[in-house]
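Q: here you go, sequence then predicted model.
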Amino acid sequence: NAGVTQTPKFRVLKTGQSMTLLCAQDMNHEYMYWYRQDPGMGLRLIHYSVGEGTTAKGEVPDGYNVSRLKKQNFLLGLESAAPSQTSVYFCASSFDLRLSDPYEQYFGPGTRLTVT
Amino acid sequence: DAKTTQPPSMDCAEGRAANLPCNHSTISGNEYVYWYRQIHSQGPQYIIHGLKNNETNEMASLIITEDRKSSTLILPHATLRDTAVYYCIVLANNAGNMLTFGGGTRLMVKP
């Protein structure tokens, strides 16, 4: 199992450009998440998905859009990048919450994005 | 979800046990205690979680006080590779499993 993979690993954008970050998981997880982590800070949840075709807003959703067309993939889009979106972006996935115990989240290696 | 309080940093000698405390005095009956860690520049890694009873796995032990207001993560024989930021998170299993990462404890394992 590759676990959770993220593409690309690094990216530099100019203000106003758009891009899509791809997250893929091969663990058949139901839930997927996008977080951002600014220097010296903890992670903050951007958007999440509880299943194919469903998405929901997290703590800091403004300026981002997401799609979950396939269970194994979760895309994060920036329509018009701003310097404030310079950050490290982490994707995560987890199992089905309908089971009796909560399950841990598995994180990808991160995408380092710089917006100039 | 209940808030947690952790010391900002701790040191530990290599080969010794690392004991990382966490206060969660407002924890509710259905909230679990989770521990994650983040090694520099990597994605966070799940370590262990518990509800009431003490738990142990191949990575660590989790000791939860009887009143559940605090807990301690124990790394029995710390190595240099255990140097990381450790996050204590309290989470209900009906909260959509949303992790909220606070400041954590920066553990430095020294030779």
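A: Perfect, I can see it now.

Q: so which residues on chain A come close to chain B?
A: Neighbours of chain B within chain A, by Cβ under 8 Å from any Cβ of the partner chain: A:4, A:31, A:42-45, A:48, A:50, A:58, A:88, A:90, A:92, A:94, A:97, A:101-110. Where C-beta positions appear, they are placed from N, C-alpha and C, glycine not excepted.

Q: and if we set it to 6 Å?
A: Applying Cβ under 6 Å from any Cβ of the partner chain, we find that chain A lies next to chain B at A:42, A:43, A:90, A:94, A:97, A:102, A:104, A:107, A:108, A:109, A:110.

Q: among those, which lie within strands?
A: A:43, A:90, A:94, A:107 (DSSP state E).

Q: the second one: neighbour count?
A: Counted with other Cβ atoms under 10 Å in any protein chain shown, the neighbours of residue A:90 add up to 25.

Q: ditto for the first one
A: Neighbouring residues of residue A:43 were enumerated by other Cβ under 10 Å; the total is 24.

Q: wait, isn't it in contact with residue A:36?
A: No. Between residue A:43 and residue A:36 there is no contact under Cβ atoms under 6 Å: 7.2 Å.

Q: common neighbours of the two, please.
A: Overlap of the contact sets of residue A:43 and residue A:36 (by Cβ atoms under 6 Å, 6 or more residues apart in numbering or on different chains) is empty.

Q: for residue B:43, give me its contacts.
A: By Cβ under 6 Å, 6+ apart, the residues touching residue B:43 are A:90, A:107, A:108, A:109, A:110.

Q: contact partners for the third one?
A: Spelled out, it's residue A:108. Residue A:108 neighbours (Cβ under 6 Å, 6+ apart): A:4, A:6, A:91, B:43.

Q: just those now: which is nearest residue A:64?
A: Among the contacts of residue A:108, residue A:91 lies closest to residue A:64 (Cβ to Cβ), at 12.6 Å.

Q: for the closest one, name its beta-bridge partners.
A: Beta-bridge pairing of residue A:91 under DSSP bridges involves residue A:34.

Q: roughly how far does residue B:27 sit from residue B:67?
A: 9 Å (Cβ to Cβ, to the nearest Å).
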